[in-house]
Each structure stands twice: as structure tokens, then as C-alpha cells.
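# With the sequence up front, the predicted model follows.
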Amino acid sequence: VLPRMSSKAHGSNNIAHARRTVQQLRIEANIDRIKVSKASADLMNYCSEHARNDPLLMGIPASENPFKDKKHCTIL
Amino acid sequence: WINTTFMAFCHIYSLVMAFRACLEEVQLNETLTHLKTESETLKSKLEDERAKLHDVELHQVAEKVEGLGQFVMKTRRTLKGHGNKVLCMDWCKDKRRIVSSSQDGKVIVWDAFTTNKEHAVTMPCTWVMACAYAPSGCAVACGGLDNKCSVYPLSLDKNENLAAKKKSVAMHTNYLSACSFTNSDMQILTSSGDGTCALWDVESGQLLQSFHGHAADVLCLDLAPSETGNTFVSGGCDKKANVWDMRSGQCIQSFETHESDINSVRYYPSGDAFASGSDDATCRLYDLRADREVAIYSKESIIFGVSSVDFSLSGRLLFGGYNDYTINVWDVLKGTRVSILFGHENRVSTLRVSPDGTAFCTGSWDHTLRIWA
């Protein structure tokens, strides 16, 4: 099992930590956001624009995929 | 007489100091309470702001998108050679070479087309949890329980001892969990069990920037696609995924919806979103511009943790490697599972799609790597 050692406990200076938390939250609360509908539309557009160039999505023939085995010819 | 006065002064002085100490403590407690209140208020505000824009679900918008057909993906190559659990792997930009690292301390460079081993290095520690290929293809970086990230230039001479040219770059105070070169061979980004991420100059070993904010071990990181600028995302045992500004060291966004450790984070190809995989058996998608989670990829039948996630080239498919030995393939937009792949005989610990998207590679505790296409 992966070793998961916890990092050391917060420093004894609780005030400094609380101040940093408040500053961090201020930054996060004030960013500009867009609606989920717009964000979703953009994700969908990206997918459709790039779909034809996505080999794993479209499936490309063995001749174009170096990992897929091509049909072998034997020289008699 | 002088003695008595002196004693009186000392007495008064100590009383005044004690009084001041009391006052200070009261003031400190008030400030702490005040800060905590403000903290709670800001958290509420954050939730409200996010909720206001939550007008629809991604999978609802995606209902009009055509569904995906059946996928036939099989193991095309099996890379055997590690003596113990494979913990990490990375593709070279040439789309055929792979570097992998293992619990047995070995780091191997493979030609995935032929399955030949091209280089092998033995690290001075076991549990090499992180490895990465340099953009030039001329070096690899790795580290783990040694708390360091070291860079090995790859020699054209197969007989040369790679360990001789090793360069120690990063030094953490706990294990190295992940590493990645930035756009060049010159800088490396690392994450560690010490709760921090850090950016290093490879040549000098100098620390360029450190990133503090996680409350526990950081387990993974991913750099934003180069077009979108200087940010990266990290995930940790504190269940948080944080987005960072590489220049300032500032955490610019934070997401806490997972119910357990986040083992893997990966940017969506456009850079506008990222996916995460967690011990809570779910993968999730977070949109950075909407600043919220927009999809959860889960099933009641999936109860084992996700170790590793990556997107196909268009971002339509999300591949997840799981602790139940399987790979689940998800339709990113619709939120449904499109395929489940079997093959590994133990946990899948690492998964990456090749740079040209023609295949993906998985590494497992069964000591092997598999290439799927």
C-alpha cells in the first residue's frame, strides 16, 4: 500500500493561518464566472470540432495505427 | 527604603505586564473569532456566486449530441520487465517511447512499438512514484521515497551508465508524488507528500517558486496546455483540487467536492476544464470558467478508487484506471460509461494517452504496462 505520511500540523500561529485563509477566500470569491450553460456549450463545441482528429474516438484503420497489427503477407 | 521602592516597582511592573498579556490574548481571540466569521461569510458568498450560474447540467446540454457507438479497444502490446509494481509512466513526444518507474526502484525507457527496453536505471530508493519524459526526448526525471526529483540525460550509447550523469534537482521534505517538465527541459514542477508543489530550475537545482495551500499530501499535478497560459492543477489527500498561477505562486481556484484523496488530475485539451480521479470511486469534471464541478462519472457498481485519468484528443472520452484492475471509458459530455476494459491482473496505477491520441498506456501493480488501441 502506498505510504501516506501526513504533512506536519499547522503552525502554532493560528492567526496567521486564519488571515491567509481569509485572503485566499477573498481572491476566490471575486473571480469572474460564466454560466454553466455557456461553459457546457463551449466544451461540446471543442469536442465536435476535434472529434474527427481523435483516433481513439473515431477508430482509425490498422494501416494508420502503429500499434494495431497489420495483416501480414508471407513471401513464398 | 530604596529596596522597598524597588520591590514595589518590580511588583507593579509585573502586574502591568500580566495585564497587558491578558489584554493581548483577549484581542487575539477576538481577532481569531473575527477572522473565522469572515472566513465563513466568504465561503457562503463563494457558494452563492457559484450557485447563481448553475442554470443547467452539462449532461442535459449534451442530450442533443449524438451518442457514441461501441468501442473495441484491446491490449496491443504488453511491456514486461519490471520486477515489482509499476507506479508511473509517461510518453515521449515522439509518440513511441515510454518511461516507466516501479516499486523495485527501476526506471525503464521502452520503445512501445517493438516493446524493446532502451534504457534502464536503478534508483537508490524503492517506490519510484513519479517519472516524466523531457520535451526534447533527451532526458527523464524521476523520484519517490528519496524525497527528490532527479534528471537523467538519456545517452545514445546503450552501454553507458546513466546513473553517472544523474542530476538532483528537487528536494522536498517528504516523498515525491509527481513531476512534470514544463514547456522545456529547463524547468520541472513537482508535488510532494510534504503538502507543497514546487517549480525548479533543472540546471542549477534552484527553487523558482513554491506553492503552499494544500492541507495534506499532494498526490498529483498537471500543467495547463501551453496555449492557456501559466497555470497548473494539483490534487491532494485534503480532497482538494487547486489551480495555481505558476509565476506568483498564488492559488487562484480551489475545488472541494470529492469525498476522499484525489489521486489524479488532468486538464481537458482546451484548458478550460480538468478531470480528477479519487479514492471515492468517482471521476469528476470541473469547468474553470464556471468555477464549479460540472459532471460526476460514477456507477453504483464501481466501488474501488480511481488511480489515474486522461482524456482522448478531442476531450470526448475520459479514461480511468481503477483499483479493481479495470479501465472504465466515459463519455465526458453525457456522463455515461461507454466501455469497460479488462486485462490487468492487479490495480491500474497509471494511465496516459499517447501524444497523437492513437493509443493509451496503462501501468499496473501486476508489474506490466499495456498499450491499448
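Yep, that arrived. Residues are numbered from 1 along each chain as shown, chains lettered A, B, ... in the order given.
# Any regions of the stretch 101-250 of chain B where pLDDT drops low?
B:158-159, B:228 (pLDDT under 70).
# got the phi/psi numbers for B:Cys10?
Torsion angles at B:Cys10 (phi, psi; degrees, to the nearest 10) stand at phi -60, psi -40.
# And for it, the neighbour number?
10 (other C-beta atoms under 10 Å in any protein chain shown). For glycine as for every other residue, the C-beta is placed from the backbone atoms N, C-alpha and C.
# Check it and give its pLDDT.
pLDDT recorded at B:Cys10 is 90.
# any idea which helix or strand comes after the worst-scoring helix or strand of chain A on mean pLDDT?
Least confident element among the helices and strands of chain A, by mean pLDDT, DSSP states H and E: helix A:14-29 (a mean of 88). Moving toward the C-terminus from helix A:14-29, the next helix or strand (DSSP states H and E) is helix A:36-50.
# can you tell me how far B:Glu57 sits from B:Arg316?
For B:Glu57, the distance to B:Arg316 equals 17 Å [C-beta to C-beta, to the nearest Å].
# again with B:Glu63
15 Å.
# ok, these two, which is more surrounded?
Ranked by neighbour count (other C-beta under 10 Å), B:Glu63 and B:Arg316 place B:Arg316 first, with 27 against 10.
# Surely the more buried one is in contact with B:Val329?
No. B:Arg316 is beyond contact range of B:Val329, at 10.4 Å (criterion: C-beta atoms under 8 Å).
# Next, give phi and psi for B:Val16.
phi -60, psi -40.
# Tell me the pLDDT of it.
Note for B:Val16: predicted pLDDT of 92.
# Give me the neighbour count for B:Gly343.
Neighbours of B:Gly343 (other C-beta under 10 Å): 18.
# before we move on, what SS does it have?
Of the three states, B:Gly343 takes coil under DSSP: H, G, I helix; E, B strand; the rest coil.
# Number of residues surrounding the residue lying closest to it once chain neighbours are set aside?
Closest residue to B:Gly343 apart from its sequence neighbours, by C-beta to C-beta, 6 or more residues apart in numbering or on different chains: B:Thr75 at 4.9 Å. A count of neighbours around B:Thr75, defined by other C-beta under 10 Å, yields 16.
# ok, now A:Met44?
Neighbour number of A:Met44 under other C-beta under 10 Å is 19.
# for it, what are its contacts?
B:61-62, B:65, B:333 (C-beta atoms under 8 Å, 6 or more residues apart in numbering or on different chains).
# what's across from the residue most central in space within chain B in the sheet?
Nearest to the geometric centre of chain B sits B:Cys220, at 1.5 Å (C-alpha atoms, centre = their mean). Here B:Cys220 sits in beta bridges with B:Gly235, as judged by DSSP bridges.
# Check B:Leu199 too.
Beta-bridge pairing for B:Leu199 (DSSP bridges): B:Leu189, B:Gln209.
# Next, count neighbours for it.
22.
# which stretches of chain A aren't confidently modelled?
Counting by pLDDT under 70, chain A shows low-confidence ranges at A:1-12, A:70-76.
# The spatially most central residue of it and chain B: what is the separation?
Nearest to the mean C-alpha position of chain A, by C-alpha atoms, centre = their mean, lies A:Leu43 at 12.5 Å. As for A:Leu43, its distance to chain B is 6 Å (criterion: C-beta to the nearest C-beta, to the nearest Å).
# so who does the residue nearest to that residue when sequence neighbours are not counted touch?
Distance criterion C-beta to C-beta, 6+ apart; nearest residue to A:Leu43, sequence neighbours excluded, is B:Ala273 at 6.3 Å. The neighbourhood of B:Ala273, defined by C-beta under 8 Å, 6+ apart, consists of A:39, A:43, B:267, B:285-288, B:294.
# Who does B:Ala273 form a beta bridge with?
B:Asp287.
# My reading is that B:Ala290 lies in a strand. Confirm?
No. The assignment for B:Ala290, made by three-state DSSP, is coil rather than a strand.
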